[in-house]
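In: okay, here's the prediction I keep looking at, along with the sequence it came from:
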Amino acid sequence: MQHNEKADSPQLYSWEASSEKDTIGFAEALAKLAVPGTVLAVDGDLGAGKTRFAQAFAAAIGVRGIVNSPTYTIIKEYEGEHLPFYHMDVYRLTLPEADELGLDEYFHSEGVTLVEWASLIEPILPQERMSIQIVTTGPDSRRIICQPMGQPYESWCRQLEMLEKVDEGEKPTV
Ligand SMILES: Nc1ncnc2c1ncn2[C@@H]1O[C@H](COP(=O)(O)OP(=O)(O)OP(=O)(O)O)[C@@H](O)[C@H]1O
Ligand SMILES: [Mg+2]
């Protein structure tokens, strides 16, 4: 993981996922930290893995059954074990349409909201959120770049960074 230390620029935390399994592991680690009102603003090119990430996150918070891409439905609501899960894909929405849908109610709810293509509706996203960019770096490899915006997201990133260090420390040296 690399951590941008510059005080005047946003703090970015990046993870290298060398396989789909790594992406799933990262989503699971993040899911352990989820609390009511969590907002995950996910971006990345077509096929980067936004939906795959959402599926792994949903499974980890106890959503049973299939989590499909909500590209056509825009919003899908699920029940997790302890928290509701709201999965959005705003790719087909204009900003006024998104505004009219009242997405704000989800952002300020007791559930976890994950938005695919979140940057398209940036002006109506809550100020406090975790911005997650998935970058395709190879057929099965991805770079996951998180920008925590406010708490608790800042501390989550630091915790995840520590987890990664523990993992690395446990790796056998060859
Ligand atoms: N490291 C990885 N992380 C996530 N997905 C991966 C990885 N490696 C391969 N994949 C594959 O990439 C594809 C990602 O598709 P997915 O539908 O999640 O993308 P998306 O970003 O949601 O696309 P869209 O913009 O169309 O919604 C899946 O087929 C998945 O199996
Ligand atoms: Mg998708």
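Out: Now that the structure is in, tell me what you want to look at. Residues are numbered from 1 along each chain as shown. Ligands and ions are numbered 1, 2, ... in the order given.

In: could you tell me which residues of this protein lie near ligand 1?
Out: Within the chain, the positions near ligand 1 by Cβ under 6 Å from any ligand atom are 17, 19-20, 23, 44, 46-52, 69, 116, 140-142. (C-beta placed from N, C-alpha, C; glycine too.)

In: tell me the bridge partners for the residue nearest the centre of the chain.
Out: What sits nearest the mean C-alpha location of the chain, by Cα atoms, centre = their mean, is residue 40, with 4.3 Å. For residue 40, the beta-bridge partners are residue 114, residue 130 (DSSP bridges).

In: tell me the contacts of it?
Out: Residue 40 is in contact with 30, 57, 112, 113, 114, 115, 129, 130, 132, counting by Cβ atoms under 8 Å, 6 or more residues apart in numbering.

In: for the longest helix seen in the chain, name the packing helices and strands.
Out: In the chain, ranked by residue count with DSSP state H as the criterion, the top helix is helix 153-170. Helices and strands touching helix 153-170, by 3 or more Cβ pairs under 8 Å, 6 or more residues apart in numbering; DSSP states H and E, are strand 13-17, helix 20-31, strand 129-136, strand 142-149.

In: by how many degrees do the first one and helix 153-170 diverge?
Out: Taking axes from the mean of the first three to the mean of the last three Cα atoms, to 10 degrees, one finds that strand 13-17 is oriented at 40 degrees with respect to helix 153-170.

In: by how many degrees do strand 13-17 and strand 129-136 diverge?
Out: 40 degrees.

In: paired strands for strand 13-17, with orientation please.
Out: Applying DSSP bridges, one finds strand 13-17 paired with strand 2-3 (antiparallel), strand 142-149 (antiparallel).

In: right, and residue 62 touches residue 84 too?
Out: No. The criterion here is Cβ atoms under 8 Å, and residue 62 misses it with residue 84 at 10.8 Å.

In: near ligand 2, which residues of this structure?
Out: 50, 51, 69, 116 (Cβ under 5 Å from the ion).

In: for residue 40, see how far away the nearest residue to the first one once chain neighbours are set aside is.
Out: What it means is residue 50. Using Cβ to Cβ, 6 or more residues apart in numbering and skipping residues adjacent in sequence, the residue nearest residue 50 is residue 116, 4.3 Å away. The gap separating residue 116 from residue 40 is 10 Å, by Cβ to Cβ, to the nearest Å.
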